[in-house]
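K.L.:
Sharing a sequence plus its predicted fold:
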Amino acid sequence: MANNPQPVGILAVQGDFALHAQMLDRIGAPWLPVKHASDLANVGWLIMPGGESTTMLKFFEGENLGPAIVDFAAQGKPIFGTCAGAILLAKEVLNPNQSHLGLIDITVERNAYGRQIDSAIRQGILVNGASRETGKGPTAEPATEAPIGEVPAAELRHDRHSRESGNPQEFAGHGRPIEMVFIRAPIIRRVGEGVRVLGRAEGLPVLVEQGNILVATFHPELTEDETIHRYFLNNVRLSRTL
């Protein structure tokens, strides 16, 4: 672990933020709750959990959190959004349209898997390399970037040089099935150019990355598998515009 790394911030205004905290505790990563815009000055990463995106937006308005998160991303600091967090980070939101931060070039359709009763555990696949989708039908393209993946918790890195100059390692056993929990989940209907697809379930992209932004339409914090959180802490790169 890097010397004195900044803690991971967990947006703690609504949703399942406590389960992300438990995951970070297992990994051994320090974390702090984020409830106010000023809290972002004390963290080096940010996790935006699942929950109810419209409720979160109302809280954002009262605390001025939306602009603060956009500024956090502009500083090149990594952000990971799951489910509702993915909706808030998307560039376009459907069913219905709502306010969003526009930090990753994807289009998401809210509640596309159905209501709470339709929640399910699905087997997904971690994908090696990059691909791009257009419209509603995924069209894979050849990988153009280095493999991605899991590294030990002891190797938590947050310095710009290691993130921009080192090649990420592969997910352990990339291409293997991984348990994914979907609860009133959105579907990613469009993936913009420059967005890497890192995971799929039933042919749809469910884990994608662009620069310092990572989003998942499922809930990795509801399983015992630490792979996705470890990837976020070790491999999501700082913005190259810094």
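P.N.:
Thanks, I have the structure now. Residues are numbered from 1 along each chain as shown.

K.L.:
Just give me the neighbour total for Glu92.
P.N.:
For Glu92, the neighbour count with other C-beta atoms under 10 Å is 15. Yep, even glycine has a C-beta here, placed from its N, CA and C like the rest.

K.L.:
Which other helices and strands does the helix or strand Val70 falls within contact?
P.N.:
Here Val70 sits within helix 65-74, counting by DSSP states H and E. Applying 3 or more C-beta pairs under 8 Å, 6 or more residues apart in numbering; DSSP states H and E, we find helix 65-74 packed against strand 45-48, helix 53-63, strand 79-82.

K.L.:
please redo it, this time with the cut-off set to 6 Å
P.N.:
Packing partners of helix 65-74 (3 or more C-beta pairs under 6 Å, 6 or more residues apart in numbering; DSSP states H and E): none among the helices and strands.

K.L.:
got the buried residues for it?
P.N.:
Applying a neighbour-count criterion of 16 or more other C-beta atoms under 10 Å, one finds 65-66, 68-69, 72-73 buried in helix 65-74.

K.L.:
Same question for stretch 217-234.
P.N.:
For stretch 217-234, by 16+ other C-beta under 10 Å, it's 217-223, 226-234.

K.L.:
Then stretch 32-50?
P.N.:
Buried, per 16+ other C-beta under 10 Å, within stretch 32-50: 32-35, 37, 39-40, 43-50.

K.L.:
Looking at the residues you listed, which is nearest Gly85?
P.N.:
When those are compared for distance to Gly85 (C-beta to C-beta), Met48 wins out at 3.1 Å.

K.L.:
Leaving aside the residues adjacent along the chain, what's closest to the closest one?
P.N.:
Gly85 (3.1 Å; C-beta to C-beta, 6 or more residues apart in numbering).

K.L.:
and that neighbour, how many residues sit next to it?
P.N.:
When neighbours are counted by other C-beta under 10 Å, Gly85 comes out with 28.

K.L.:
returning to what we had before: okay, the buried residues of helix 65-74 in CSV with distance to Met180 next?
P.N.:
Below are those laid out as CSV (distance: C-beta to C-beta, whole Å):
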residue, distance to Met180
Leu65, 28
Gly66, 28
Ala68, 30
Ile69, 25
Phe72, 27
Ala73, 25
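
K.L.:
TSV for those residues, including pLDDT?
P.N.:
Formatted as TSV, the buried residues of helix 65-74 follow (pLDDT from 0 to 100):
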residue	pLDDT
Leu65	91
Gly66	91
Ala68	95
Ile69	95
Phe72	97
Ala73	96
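
K.L.:
list the contacts for Thr82?
P.N.:
49-50, 216, 219 (C-beta atoms under 6 Å, 6 or more residues apart in numbering).

K.L.:
Try it again at 7 Å.
P.N.:
With contact taken as C-beta atoms under 7 Å, 6 or more residues apart in numbering, Thr82 is in contact with 49-50, 216, 219-221.

K.L.:
and those residues as TSV, adding distance to Glu193, secondary structure and pLDDT?
P.N.:
Output for the contacts of Thr82, formatted as TSV (distance: C-beta to C-beta, whole Å; DSSP: H, G, I helix; E, B strand; the rest coil; pLDDT from 0 to 100):
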residue	distance to Glu193	secondary structure	pLDDT
Pro49	28	coil	91
Gly50	27	coil	83
Ala216	20	strand	93
His219	28	coil	89
Pro220	26	helix	91
Glu221	30	helix	91
